[in-house]
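> Starting from these lines, generate the structure:
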Amino acid sequence: MLAEKLHEYLPWWVVKTKPHQEFKAEEALKRQGFNTYCPAIKKEIKQRCQFAIKEQPLFSGYIFIIANDDAKKKFI
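Residues are numbered from 1 along each chain as shown. A predicted model of the protein is given here:
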């Protein structure tokens, strides 16, 4: 409950990732204790003459985190 209240006052930050590494970056940040958000869409793609549904980030190369100004310094 207290953590939810604190998130109301913390800003969202946009973090640029390496190309096609959004989900790996999100997992790494979660292991470090950050609350992350990576919106994704399911897209039908053709692989080896077959169609497959693959989850892809909505904003390629970016994820979002909730953090205070002190945590932001880790990224600069």
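> C-alpha only now, for contacts and for neighbours.
Noted.
> any idea how far residue 27 is from residue 9?
Applying CA to CA, to the nearest Å, the value for residue 27 to residue 9 is 24 Å.
> got the contact list for the most far-flung residue of the chain relative to its centre?
For the chain, the largest distance from the centre (CA atoms, centre = their mean) belongs to residue 49, which lies 30.8 Å off. With contacts defined as CA atoms under 8 Å, 6 or more residues apart in numbering, residue 49 has no neighbours.
> quick one: it from residue 59, how far?
Shown here: residue 49 relative to residue 59, a distance of 27 Å by CA to CA.
> my read: residue 13 touches residue 67, true?
Yes. Here residue 13 lies in contact with residue 67, judged by CA atoms under 8 Å, at a distance of 7.1 Å.
> Which one of the two is surrounded by more residues?
residue 67 (18 against 15; other CA atoms under 10 Å).
> In contact with the more buried one: list those residues for me.
10, 11, 12, 13, 34, 35.
> The first one contacts residue 66, correct?
What that stands for is residue 10. Yes. If you go by CA under 8 Å, residue 10 and residue 66 touch, sitting 6.3 Å apart.
> Neighbour count: the two, which is higher?
residue 66 (18 against 13).
> So that one is in contact with residue 11, correct?
Yes. Proximity of residue 66 to residue 11 meets the contact threshold set by CA under 8 Å, at 5.9 Å.
> Specify the beta-bridge partners of the spatially closest residue to residue 58 that is not a sequence neighbour.
For residue 58, ignoring the flanking residues on the chain, the nearest one in space by CA to CA, 6 or more residues apart in numbering is residue 40 at 4.8 Å. Beta-bridge partners recorded for residue 40 (DSSP bridges): residue 57.
> Much appreciated, bye for now.
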